[in-house]
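**Q** Predicted model and sequence follow; I will ask about them next.
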Amino acid sequence: HVLIIDFGSQVTQLIARRLRESGVYCEIHPFNKVDAGFLDRFDPKAIILSGGPSSVTWDDSPRADEAVFTRGVPVLGICYGQQVMMEQLGGKVESGTSREFGRAFIEKVTDSELLDGLFEGEDHREQVWMSHGDHVAELAPGFGVIARSPGAPLAIIADLERRFYGTQFHPEVVHTVHGRDMLRNFTHRIAGLSGDWTMAAYRAEAIEKIRAQVGDAKVICGLSGGVDSSVAAVLIHEAIGDQLTCVYVDHGLMRMNESEQVVGLFRDHYNIPLVHVDASDLFLGELAGVSDPEKKRKTIGKLFIDVFEEEAKKIGGADFLAQGTLYPDVIESVSATGGPSVTIKSHHNVGGLPERMNMKLVEPLRDLFKDEVRALGRELGLPEAFVGRHPFPGPGLAIRIPGEITREKADTLRKADAIYIEEIRNAGLYDEIWQAFSVLLPVNTVGVMGDERTYEAVLALRAVTSTDGMTADYYPFDHAFLGRVATRIINEVKGVNRVVYDVTSKPPGTIEWE
Ligand code: XMP
């Protein structure tokens with residue numbers, strides 16, 4: 001086990017991800033929860049101190065418990081973590097007059113296992129990612145320099161005897177090209193971990209945690225049909241069986257056959273208690289005449305909570321609400337809860353509900369990324385068709401029908417989208433694409449079919465590649481494929497007479513149109 005002590009960096013979770021990728025089990029705990037007693041119980045084989053937004057030169061900025069440095073285990077301090085380590089072990093940190101952000105190149109000064117294999121061949125430079133204002137001005141006793149960069153003479157420092165390491169840059173981000181290998185060297189070579197941890201082990205640990213948290217209380221889980229809530233539900237069911245009830249609120253804005261598939265999988269295949277609420281009249285009624293995208297989201301979010309709350313009351317006595325919240329949801333929703341960044345879109349699947357219903361949250365996927373959730377889903381035996389499914393937003397087709405929503409428009413969009421997705425699957429491209437969908441535009445154009453003039457809607461096709469949904473690029477379909485899809489949709493779907501393809505990346509566009 002590796003303990004990651006969090007000082008509040010935006011990218012702490014990436015450290016955990018890199019460790020998991022190399023088969024090392026780790027947990028992240030906030031700095032103020034880690035004291036000597038905690039360390040005795042956790043018994044880490046290595047400790048990593050994360051970066052953070054504070055400055056060690058401020059009064060009252062966070063510190064690590066002294067016991068971190070007296071257990072005789074290897075410690076790696078990253079950025080703020082490096083500075084904390086220096087300050088606490090007798091070195092000195094200063095606020096820089098120049099702050100350093102972005103790409104830098106380090107070169108080796110001394111050999112160390114941390115660098116093994118990194119500086120081979122002709123190229124004696126390693127690209128790293130710096131992001132810091134302060135720097136170490138004086139090394140603590142026992143420390144020497146292992147690598148430096150022009151802007152950071154103490155880019156990597158170490159006390160080889162005690163196995164304490166510090167990097168001024170962030171090895172966990174992708175821009176530090178061999179950062180993953182550095183972390184691996186730290187956990188495998190320096191701390192001697194074997195790297196045999198797997199998703200199967202994650203599953204077993206997650207189940208234990210759920211049992212410990214929930215006891216014999218009842219849990220309600222909102223299913224959306226997406227990968228995240230499905231995996232969360234199956235995992236929780238494995239942990240606590242029929243203490244779990246799932247509620248599937250069908251807002252009438254799902255994809256083709258989606259509701260049948262969700263109900264079939266959970267009720268019939270897994271035998272998980274499932275309440276299927278057909279609330280399409282309610283949702284479509286309230287959405288009539290609404291065309292502002294944020295108003296749509298807020299309307300759907302509020303109705304969703306109303307319906308869910310009513311069903312929860314009927315089930316009665318549940319203390320816990322389960323959600324398939326992922327790590328990127330946690331970061332993005334920080335802005336919605338009052339942080340400094342701007343709200344681009346209100347995501348409706350986080351916040352609101354638990355306070356109103358006085359329920360505690362069970363969020364077993366909270367520290368996973370999408371691809372890890374998929375791996376866990378496969379581990380749990382969920383069908384590939386579910387696990388590999390493209391993400392689908394909570395508000396559903398509502399945000400893929402710019403302007404006013406009607407049942408007819410939703411039906412048209414569903415039909416067209418099903419053809420598009422079927423063609424993508426037939427071409428063997430589905431898994432290469434992060435997300436593909438159609439948007440029914442509130443624009444009619446003139447066409448000619450047979451000898452008749454038509455005046456019908458335009459359908460936009462969208463397909464993007466992405467690793468986390470935060471940035472994306474359009475998918476470069478070949479023209480023959482696009483032509484085939486357009487012909488089928490115009491021939492088979494009444495009400496659409498023109499098809500266009502969206503070639504916008506994110507940024508500056510977003511993935512969805514609203
Ligand atoms: P955007 O459009 O912001 O989308 O680039 C990024 C990813 O988030 C999904 N998305 C949502 N998911 N509730 C959700 O659960 C929402 O309100 C929502 N809005 C966007 C979108 O499909 C893409 O995968």
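**A** Thanks, I have the structure now.

**Q** going forward, measure contacts and count neighbours with C-alpha atoms only.
**A** OK.

**Q** Against E238, how distant is F101?
**A** The gap separating F101 from E238 is 45 Å, by CA to CA, to the nearest Å.

**Q** Of those two, which one has the most company?
**A** With neighbours defined as other CA atoms under 10 Å, F101 and E238 compare such that E238 has more, 18 against 12.

**Q** For the more buried one, pull up the helix or strand it's in.
**A** helix 227-240 (DSSP states H and E).

**Q** Give me the average confidence score over that helix.
**A** Averaging pLDDT along helix 227-240 yields 96.

**Q** for that helix, packing partners?
**A** helix 199-214, strand 218-223, strand 244-250, helix 370-379 (3 or more CA pairs under 8 Å, 6 or more residues apart in numbering; DSSP states H and E).

**Q** quick one: is stretch 213-231 near the ligand?
**A** No. Applying CA under 6 Å from any ligand atom, one finds stretch 213-231 separated from the ligand by no less than 8.7 Å.

**Q** Touching the helix holding E238 from outside, list them.
**A** With contact meaning CA atoms under 8 Å, 6 or more residues apart in numbering, helix 227-240 is reached by 203, 207-208, 210-211, 216, 221-224, 243-244, 246, 272, 322-326, 363-365, 370, 373-374, 376-377, 380, 382, 386-389, 391.

**Q** remind me which residues of the stretch 351-500 of the chain are low pLDDT?
**A** Low-confidence segments of the stretch 351-500 of the chain (pLDDT under 70): 351-354.

**Q** rerun at 90
**A** For the stretch 351-500 of the chain, applying pLDDT under 90 flags the ranges 351-359, 366-371, 385-386, 394, 449-450, 467-471.

**Q** Nearest to the ligand: which residue in it?
**A** P393 (3.5 Å; CA to the nearest ligand atom).

**Q** how close does that residue get to V234?
**A** 20 Å.

**Q** Of the contacts of helix 227-240, keep whichever come out buried.
**A** Among the contacts of helix 227-240, those classed as buried by 16 or more other CA atoms under 10 Å are 203, 207, 210-211, 221-224, 243-244, 246, 272, 322-326, 363-365, 370, 373-374, 376-377, 380, 382, 386-389.

**Q** who's in contact with V75?
**A** 46-49, 68-69, 163-165.

**Q** would you turn those into JSON lines with pLDDT, distance to the ligand and secondary structure?
**A** Shown next, in JSON lines, are the contacts of V75 (pLDDT from 0 to 100; distance: CA to the nearest ligand atom, whole Å; DSSP: H, G, I helix; E, B strand; the rest coil):
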{"residue": "A46", "pLDDT": "98", "distance to the ligand": "35", "secondary structure": "strand"}
{"residue": "I47", "pLDDT": "98", "distance to the ligand": "33", "secondary structure": "strand"}
{"residue": "I48", "pLDDT": "98", "distance to the ligand": "31", "secondary structure": "strand"}
{"residue": "L49", "pLDDT": "98", "distance to the ligand": "30", "secondary structure": "strand"}
{"residue": "V68", "pLDDT": "98", "distance to the ligand": "39", "secondary structure": "helix"}
{"residue": "F69", "pLDDT": "98", "distance to the ligand": "41", "secondary structure": "helix"}
{"residue": "R163", "pLDDT": "97", "distance to the ligand": "42", "secondary structure": "coil"}
{"residue": "F164", "pLDDT": "98", "distance to the ligand": "40", "secondary structure": "strand"}
{"residue": "Y165", "pLDDT": "98", "distance to the ligand": "37", "secondary structure": "strand"}
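
**Q** Surely P507 is in contact with T471?
**A** Yes. Counting by CA atoms under 8 Å, P507 touches T471, with 6.3 Å between them.

**Q** Same drill for those two, tell me which one is more crowded.
**A** T471 (16 against 11).

**Q** for the closest residue to that one other than its chain neighbours, which residues make a bridge with it?
**A** Nearest residue to T471 in three dimensions, chain neighbours excluded: K506, at 5.1 Å (CA to CA, 6 or more residues apart in numbering). Per DSSP bridges, the residues bridged to K506 are A472.

**Q** and K506, what pLDDT?
**A** Model confidence at K506 (pLDDT) stands at 90.

**Q** Contacts only, for it.
**A** 470-473.

**Q** do the same with I28
**A** Contacts of I28 by CA under 8 Å, 6+ apart are 3-6, 13, 16.

**Q** nearest to F481, of these?
**A** Q13 (39.1 Å; CA to CA).

**Q** For that closest one, which non-adjacent residue is spatially closest?
**A** D367 (7.1 Å).

**Q** Mind checking which of the contacts of I28 are in strands?
**A** 3-6 (DSSP state E).

**Q** which non-adjacent residue is nearest the residue nearest to the spatial centre of the chain?
**A** What sits nearest the mean C-alpha location of the chain, by CA atoms, centre = their mean, is P328, with 3.1 Å. Distances taken as CA to CA, 6+ apart place F369 nearest to P328, at 6.9 Å, with adjacent residues excluded.

**Q** for that neighbour, what are its contacts?
**A** 326-328, 468.

**Q** hmm, try it at 7 Å
**A** 326-328 (CA atoms under 7 Å, 6 or more residues apart in numbering).

**Q** How about A155?
**A** 147-149, 167-169.

**Q** With neighbour count added, can I get those in JSON lines?
**A** Formatted as JSON lines, the contacts of A155 follow (neighbours: other CA atoms under 10 Å):
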{"residue": "A147", "neighbour count": "24"}
{"residue": "R148", "neighbour count": "19"}
{"residue": "S149", "neighbour count": "19"}
{"residue": "T167", "neighbour count": "25"}
{"residue": "Q168", "neighbour count": "29"}
{"residue": "F169", "neighbour count": "29"}
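
**Q** Was I right to think D6 contacts P30?
**A** Yes. Judged on CA atoms under 7 Å, D6 makes contact with P30 at a distance of 4.7 Å.

**Q** With neighbour numbers in mind, choose between these two.
**A** A count of neighbours by other CA under 10 Å puts D6 above the other of D6 and P30, at 26 against 13.

**Q** Got the confidence number for that one?
**A** 94.

**Q** likewise the one 5 residues further on?
**A** The model reports V11 with a pLDDT of 84.

**Q** can you tell me which residues contact I4?
**A** 26-29, 47-50.
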